[in-house]
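J.: generate a structure from the sequence data that follows.
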Amino acid sequence: MPLDIETFDENSDEELRGLTNAEKVVRFLADNNDKAYTPSEIAARVDVKQNSLGTVLSRLEDRDLVRHKGDYWAIGEMESVRRAYDLHRLIDSLNERYGEEDLDDWRAHAAENEPQ
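T.: Predicted coordinates for the structure are as follows:
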C-alpha cells in the first residue's frame, strides 16, 4: 500500500518500518521508567492487543527487559535494556548490509555437518 508523502517525510526510517509489540512495550516502559503499569494500561498506551500482551511481557521478563510485582509491570534493569537495544541495532545493520540469514539454511547446513 502506498504511503502519503507527508507521512514519509515526517517519520524516521524506524517508524516507517514499524515496531514489534515487544519494541513498543519496552520503549513505553523505558520512557516512563518512574512508573509501573498494569497490562491493560500498557495495552491501551502502546496500541497492542490485550490478549497478546501477556505473552509479550513474559518473554521480555525472561530476557530481563521488564519486571513485575503483582499486577504491575515496569522496565527492567536499564543496562540490560541498553545491551539488548545495541544488539538489535547491530543485527539490523548487518541485515541491511549483507541480507537476512535464512534459519532453514542454517539448520540444513548444521545437519549436514553434524558428527556421526
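J.: which residue ranges of the protein form strands?
T.: Along the chain, counting by DSSP state E, strands occupy 66-69, 72-75.
J.: quick check: which of the ones you listed is nearest to E101?
T.: With respect to E101, and counting by Cβ to Cβ, the nearest of these is strand 66-69 at 27.2 Å. Yep, even glycine has a C-beta here, placed from its N, CA and C like the rest.
J.: so what's the gap between that closest one and the chain middle?
T.: 16 Å (Cα atoms, centre = their mean, to the nearest Å).
J.: list the contacts of it.
T.: With Cβ atoms under 8 Å, 6 or more residues apart in numbering as the test, strand 66-69 has contacts from 25-26, 29, 36, 57, 60-61, 73-76.
J.: so what strands line up beside it?
T.: Paired neighbours of strand 66-69 in the sheet (DSSP bridges): strand 72-75 (antiparallel).
J.: report the distance from the partner strand to the chain centre.
T.: Here the centre of strand 72-75 is set off from its chain's centre by 16 Å, with Cα atoms, centre = their mean.
J.: tell me the buried residues in that strand?
T.: By neighbour count with 16 or more other Cβ atoms under 10 Å, strand 72-75 contains the buried residues 73-75.
J.: how about the strands of the chain in a markdown table, adding mean pLDDT?
T.: Formatted as a markdown table, the strands of the chain follow (pLDDT from 0 to 100):
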| stretch | mean pLDDT |
| --- | --- |
| strand 66-69 | 96 |
| strand 72-75 | 97 |
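J.: ranking helices and strands of this structure by mean pLDDT, which lands last?
T.: Counting by mean pLDDT, DSSP states H and E, the chain has its least confident helix or strand at helix 13-17, which shows a mean of 66.
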